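Colleague: Coordinates for the following, if possible.
(one chain, ligands or ions: 1)
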Amino acid sequence: MKLAIFGTGIVGQTFAEALAKKGHTVVIGTRDPAVSKTRADKPFYGEPFSVWYAQHRDIAVATYAEAAAQSEIIFNCTNGAGSLPALEAVGAEALGNKLLIDVTNPLDFSKGMPPSLFVSNTDSLAEQIQRAYPKLRVVKTLNTMNCGLMVNPRSLKDGNHTAFVSGNDAAAKAQVKGYLTEWFGWKGEQVIDLGDITTARGTEQLLPIWLRLFGALNTGNFNFAIVK
Ligand SMILES: NC(=O)c1ccc[n+]([C@@H]2O[C@H](COP(=O)([O-])OP(=O)(O)OC[C@H]3O[C@@H](n4cnc5c(N)ncnc54)[C@H](OP(=O)(O)O)[C@@H]3O)[C@@H](O)[C@H]2O)c1
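Modeller: So this is what the prediction gives:
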């Protein structure tokens, strides 16, 4: 399939590599491809994009608008605050009714670590995106774990951990559940459909506890597991 990955950070890099290895045509979307390809500053997590790109020359890098135009599905892996600006750079008409798989979190680092959420309780970033682009089929998923686990859930010894999906379009959610299984190895019973896009408030608000667990466990290699 033709897939756009919005985001040059570790999450975008992880999805781009995993999906290209599966044989998909992947294009990474960014604000300025020339700037991104030469970016040498080390991010908080992962490699500078220039280092990663030197090892992945087969993966195209384009503007957000060009990447969207070439693709059926968009993975939104931008910084939370950059999500709406990235989509604005594409525009409502070009976005149309594409499927947007949204793995972002609305983290606000302005007051230091750990970050807080810039939207919460009565709203969520996923809803802001859906409201701004009513035709876009937004499915929020995988934002409650680190990106290594998103694309390789079986790497955890206890395989019964959980992914969530939220979205207004039942068919889009079923499509995404299928991709989670087919592309990344999630088992159907590991994926809980929480309901409409407002349920993303719940998963985005898991981030404050995820961040404390990260501190307490001294690793990001863990996940939530729901038991009844
Ligand atoms: N790290 C994880 O394992 C993990 C787990 C769960 C969820 N998440 C979420 O995944 C997302 C990506 O995280 P990350 O660490 O890979 O990257 P990040 O540093 O949060 O975001 C980098 C991307 O955001 C884009 N961006 C920033 N400001 C922008 C703006 N104003 N307009 C347009 N684009 C903008 C950057 O564009 P340029 O390429 O142009 O610089 C870059 O592509 C975040 O929302 C994060 O909360 C991360």
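Colleague: any idea how far residue 187 lies from the ligand?
Modeller: When distance is defined by CB to the nearest ligand atom, to the nearest Å, residue 187 is 20 Å away from the ligand. (Glycine included, C-beta is placed from N, CA and C.)
Colleague: Would you check how far apart the closest residue to that residue other than its chain neighbours and residue 165 are?
Modeller: Among residues not flanking residue 187 along the chain, residue 181 sits closest, at 6.9 Å (CB to CB, 6 or more residues apart in numbering). When CB to CB, to the nearest Å is applied, the distance between residue 181 and residue 165 equals 12 Å.
Colleague: and for the two, which residues touch both?
Modeller: When contacts are counted by CB atoms under 8 Å, 6 or more residues apart in numbering, the set common to residue 181 and residue 165 consists of residue 191.
Colleague: who's more crowded, the two?
Modeller: A side-by-side neighbour count of residue 181 and residue 165, using other CB atoms under 10 Å, places residue 165 first with 23 against 15.
Colleague: I'd assumed residue 173 was in contact with that one.
Modeller: Yes: if you go by CB atoms under 8 Å, residue 165 and residue 173 touch, sitting 5.0 Å apart.
Colleague: Need the residues touching each of those two.
Modeller: Common contacts of residue 165 and residue 173, defined by CB under 8 Å, 6+ apart, comprise 139, 193.
Colleague: got a list of what the residue nearest in space to the middle of the chain touches?
Modeller: In the chain, the centroid-proximal residue (CA atoms, centre = their mean) is residue 103; its distance is 2.5 Å. Contacts here follow CB under 8 Å, 6+ apart; on that basis residue 103 touches 11, 15, 75, 76, 77, 140, 141, 142, 143, 147, 150.
Colleague: So what does the closest residue to the fourth one other than its chain neighbours look like in phi/psi?
Modeller: The shortest distance from residue 76 to any residue other than its chain neighbours is 4.4 Å, reached at residue 102 (CB to CB, 6+ apart). When read as degrees, to the nearest 10, the backbone of residue 102 gives phi -100, psi 110.
Colleague: residue ranges for the helices of this protein, please.
Modeller: Taking DSSP state H as the criterion, the chain carries its helices at 10-21, 33-37, 49-54, 64-69, 83-90, 92-95, 125-132, 147-151, 170-179, 200-204, 207-217.
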